[in-house]
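1. Only the shape, not the letters, is given here:
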């Protein structure tokens, strides 16, 4: 983990889109943690997750899908494609 004072230029390596293995950088101000920079893509993913978690209908759909999966009520692979053709 790297720490950088406010106003300094923290250094970290961006390993590319979809790679969430980069090291966390914490920016401090007056010796206290103040911020953690994240990529635009990571921010978009967090905002989408928050939107889903705030949507009761989406949560109901997720719970329904989880229950169906637990019952074994799922279609996999080529069977799913074949069912679309019917």
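-> Sure thing, it's come through. Computed from a prediction, not measured in an experiment: that's the story for all the values here.
2. contact partners of stretch 49-60?
-> Outside stretch 49-60, the residues that touch it by C-beta atoms under 8 Å, 6 or more residues apart in numbering are residue 62. Glycine gets a C-beta too; all of them are placed from N, C-alpha and C.
3. same thing with stretch 64-80?
-> With contact meaning C-beta under 8 Å, 6+ apart, stretch 64-80 is reached by residue 83.
4. Which stretches in the chain count as strands?
-> Listed in chain order, the strands of the chain (DSSP state E) span residues 2-5, 25-29, 32-35.
5. Tell me, how many residues neighbour the residue nearest to residue 33 when sequence neighbours are not counted?
-> What sits nearest to residue 33 in space, not counting adjacent residues and going by C-beta to C-beta, 6 or more residues apart in numbering, is residue 26, at 5.3 Å. Using other C-beta atoms under 10 Å, residue 26 is surrounded by 14 other residues.
6. now residue 26: how far from residue 39?
-> Noted for residue 26: a distance of 15 Å to residue 39, by C-beta to C-beta, to the nearest Å.
7. if we can go back for a sec, thought the residue nearest to residue 33 was touching residue 38?
-> No: using C-beta atoms under 8 Å, residue 26 and residue 38 do not qualify as a contacting pair, with a distance of 11.7 Å.
8. follow-up on the earlier one: if the residue nearest to residue 33 is in a bridge, with which residues?
-> Each beta-bridge partner of residue 26 is listed here, defined by DSSP bridges: residue 3.
9. In this structure, mark out all the helices, start to finish.
-> Taking DSSP state H, the helices of the chain run over residues 40-53, 56-71, 77-85.
10. Is it possible to get a markdown table of those that adds mean neighbour count, mean pLDDT and distance to residue 32?
-> Rendered in a markdown table, the data for the helices of the chain read as follows (neighbours: other C-beta atoms under 10 Å; pLDDT from 0 to 100; distance: least, C-beta to C-beta, whole Å):
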| stretch | mean neighbour count | mean pLDDT | distance to residue 32 |
| --- | --- | --- | --- |
| helix 40-53 | 11 | 95 | 23 |
| helix 56-71 | 10 | 95 | 36 |
| helix 77-85 | 8 | 81 | 52 |
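11. Indicate which one of the ones you listed is closest to residue 33.
-> Between residue 33 and the helices of the chain, the shortest separation by C-beta to C-beta is 18.2 Å, and it involves helix 40-53.
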